[in-house]
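Asker: Give the three-dimensional model of this entry:
(chains A and B)
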Protein chains: 2
Amino acid sequence: MSRPTIKDVAERSNVSLKTVSRVINNETAVREKTRQKVLRAVEELNYQPDLSARSLRSSKSYALGVAYDNPNPYYIISVQNGMLSVCRETGYGLQIHPCNSASPNLAEELVDLVRHSRLAGLVLAPPMSERLELIKYLAANDIKFVRILSAAEDPDDGFPCVFVDDRDAAYDITRHLIQLGHQRIGFLWGGPSHRSSPERYKGYESALKDYGIPIDKKLIVPGDYSFEDGFRGARKLFALKDPPTAIFGSNDEIAAGVLAAAKSTGIDVPNDLSIAGFEDSPFSKQSWPALTTAKQATEEIARHATLLLISELARAEDGSLDAPAAKNKGFSPQLVIRGSTARPRSLGS
Amino acid sequence: MSRPTIKDVAERSNVSLKTVSRVINNETAVREKTRQKVLRAVEELNYQPDLSARSLRSSKSYALGVAYDNPNPYYIISVQNGMLSVCRETGYGLQIHPCNSASPNLAEELVDLVRHSRLAGLVLAPPMSERLELIKYLAANDIKFVRILSAAEDPDDGFPCVFVDDRDAAYDITRHLIQLGHQRIGFLWGGPSHRSSPERYKGYESALKDYGIPIDKKLIVPGDYSFEDGFRGARKLFALKDPPTAIFGSNDEIAAGVLAAAKSTGIDVPNDLSIAGFEDSPFSKQSWPALTTAKQATEEIARHATLLLISELARAEDGSLDAPAAKNKGFSPQLVIRGSTARPRSLGS
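Answerer: Numbering: from 1, shown residues only, chains lettered A, B, ... in the order given. The predicted structure follows:
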């Protein structure tokens, strides 16, 4: 029998020559079922034996992906820059994938993304990184990933991650406000789909409890990690009969919204109102007054997540998955005190 | 003679089995010279005939790339989002490539990027897009690209682009300040490597000339498109014996720096100083007072550049390069008047 040709493959799999060519060139406009049929014919006919099947299937990837759902441009750019610093050193490209974390098809979407774009692996930013069923689905589909997530300690759930202790840093910010003399401290929540939101809230709550200050639910406003929600939330608090003397916004965007709301109402910051944010974004240094915040080393966090991912890929490639994995790592944001927080006016200066 | 094996290829090209395997799997840690040697042996031995050589070389790409060098996160995120909106519709991934436009090896770097990451094509943001020798090098290397650039009209140089009329919009901003009654208007330059900088300067200069206001070089300060340079430039202008009553910052980041400098010096905006920016970034709406600026539809511009690129790719794929190309398109930023500009105090209200 003569060597099988592409025509033999097309006949055997009952598809057009063009479709066989598409499958063989790893093009994507082919349904998975058809692709499998063609690959089966390729194998059965021993068309391009040895190598073909392997190279068709493994077709090496040299890009990593990052998936996020966050309205804050400074955070996203920092994550990208941190990842890119490692990508450059290791020769990987970086594909970006902002997604809607509320989408019911997110798990399939991410698997499709990795296969379609032939990504070597993913870094998952919050909140995708914090959904255990999503994580398990990715792992079951043999997708390599590393998570960035909000947690006071290593979740130790068998999946690699970099974890950020938001709770502890939020405790420090709240304690700083209490130690300045504030008793009525407003809290503006971040996005409810992000685990960092309850973590930061818990830090706020613990500090108040430790200092014997009762929780006043009227001072606590739900919202998203956005300027607009900071603005709206602050206006709500200003309208209270007994408004707060300090507001802790769950990130710098929220705090920037509080600052704009204060200015638009003629409230003097920090004398009439102290404001604290979270993240230490460039904005927090550029606003007037500059914002007290927690320095979250986002670039460094993304960089470590990428190094972790690359070590996972190396283990998978060597087939040394039984070898000890690279270590998960925790980061603790640090309190940075700037001009936006001061003693409440009622206490004098 | 029995069918050639990978070992035969390794012997003939005088490299290791591992290297042959790397080349065949399209891995990248192989020097181009070595890769060529191996591919030659593959062809000479007729190893994996027909398909092998073709699939190794053509291996279809489903990602686009974007190259930029800009310190402004809002601009970058808008470019990414505009491109992603088209990528999602067309099934492409998006790889990001921030680069140093001052690098002497930039042209080779971009060609390597496209080949290594197997990108279908590139969108080039300023300033890379504005270097004709770079553009020619990419074209000579058969890289598909579309440029976003600053120009008052279609450069009509045979390479596809989306062009933004910065000059006209800067003229409108300056005229707005003149019509309010300002005669001493400071100008803070953007990055000298971006063509938008001289374009915006020309708009400023023309408006002053048209209204018979002499150019005062002391009012014109060089710098980059950054908050820091806005802050520094404004401080310089404040220190003049006869300081300006209005400052036109070449983008919103610069204008934000001017605003912070004014606040830190106790200068009342807009009563003592009018400030205008350029871009209509989210920040320009969030600052207090909000910034007068030119609305530059960055997402829409990036979106159109991507559509243009995809039409270029389709022409190339069909081999219909003689068919008429999709049309270049021009965008004109529009003046947006907000609270940061007003009549100078000297004229009363």
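Asker: for the residue nearest the centre of chain A, what are its contacts?
Answerer: Centroid-nearest residue in chain A, with CA atoms, centre = their mean: A:Ala125, separated by 1.8 Å. Going by CB atoms under 8 Å, 6 or more residues apart in numbering or on different chains, A:Ala125 touches A:66-70, A:79, A:148. C-beta here means a position set from N, CA and C on the backbone, and glycine is covered the same way.
Asker: Just the pLDDT for it.
Answerer: Looking at A:Ala125, its pLDDT stands at 96.
Asker: what does A:Leu149 give?
Answerer: 94.
Asker: show me what contacts it?
Answerer: A:126, A:129-130, A:155, A:161-164, A:195.
Asker: Then A:Arg232?
Answerer: A:223, A:257.
Asker: just A:Pro192 next, same as before
Answerer: A:Pro222.
Asker: Pull up the residues of the stretch 101-250 of chain A that are close to chain B.
Answerer: Counting by CB under 8 Å from any CB of the partner chain, the stretch 101-250 of chain A comes close to chain B at A:113, A:116-119, A:227.
Asker: need these in a markdown table with secondary structure, pLDDT and distance to A:Val269, can you?
Answerer: As requested, these are exported to a markdown table (DSSP: H, G, I helix; E, B strand; the rest coil; pLDDT from 0 to 100; distance: CB to CB, whole Å):
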| residue | secondary structure | pLDDT | distance to A:Val269 |
| --- | --- | --- | --- |
| A:Leu113 | helix | 91 | 43 |
| A:His116 | helix | 85 | 49 |
| A:Ser117 | coil | 87 | 46 |
| A:Arg118 | coil | 87 | 50 |
| A:Leu119 | coil | 94 | 45 |
| A:Phe227 | helix | 93 | 16 |
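Asker: what residue ranges in the stretch 101-250 of chain A score low on pLDDT?
Answerer: Within the stretch 101-250 of chain A, no stretch has pLDDT under 70.
Asker: before we move on, the earlier item: farthest-separated two in the residues of the stretch 101-250 of chain A next to chain B?
Answerer: A:Arg118 and A:Phe227 (37.3 Å; CB to CB).
Asker: Domain map for chain A?
Answerer: Annotated domains of chain A cover A:6-49, A:60-165+A:297-334, A:166-295+A:335-347 [automatic domain parsing].
Asker: The last one: end-to-end distance?
Answerer: Translated: domain A:166-295+A:335-347. 30 Å (CA to CA, to the nearest Å).
Asker: Which residue comes closest to A:Glu300 once chain neighbours are left out?
Answerer: A:Gly82 (6.5 Å; CB to CB, 6 or more residues apart in numbering or on different chains).
Asker: Contact partners for the one you found?
Answerer: With the criterion set at CB under 8 Å, 6+ apart, A:Gly82 makes contact with A:298-303, A:305-306.
Asker: Just the residues you listed: which are in helices?
Answerer: Counting by DSSP state H, the contacts of A:Gly82 place A:298-303, A:305-306 in helices.
Asker: Go through those and give me the one with the most neighbours.
Answerer: Highest neighbour count within the ones in helices among the contacts of A:Gly82: A:Ala305, with 30 neighbours (other CB atoms under 10 Å in any protein chain shown).
Asker: what separates that one from chain B, distance-wise?
Answerer: 17 Å (CB to the nearest CB, to the nearest Å).
Asker: count of neighbours near A:Lys241?
Answerer: 5.
Asker: Next, it: secondary structure please.
Answerer: coil (DSSP: H, G, I helix; E, B strand; the rest coil).
Asker: distance of it from A:Pro222?
Answerer: 20 Å (CB to CB, to the nearest Å).
Asker: A:Gly330 now?
Answerer: Applying CB to CB to A:Gly330 and A:Pro222 gives a distance of 28 Å.
Asker: okay but A:Ser193 is in contact with A:Ala102, surely?
Answerer: Yes: A:Ser193 is within contact range of A:Ala102, at 7.0 Å (criterion: CB atoms under 8 Å).
Asker: Just confirm A:Ala10 is within a helix.
Answerer: Yes: counting by three-state DSSP, one finds A:Ala10 located in a helix.
Asker: what's near enough to touch it?
Answerer: So A:Ala10 contacts A:16-17, A:19-20 (CB under 8 Å, 6+ apart).
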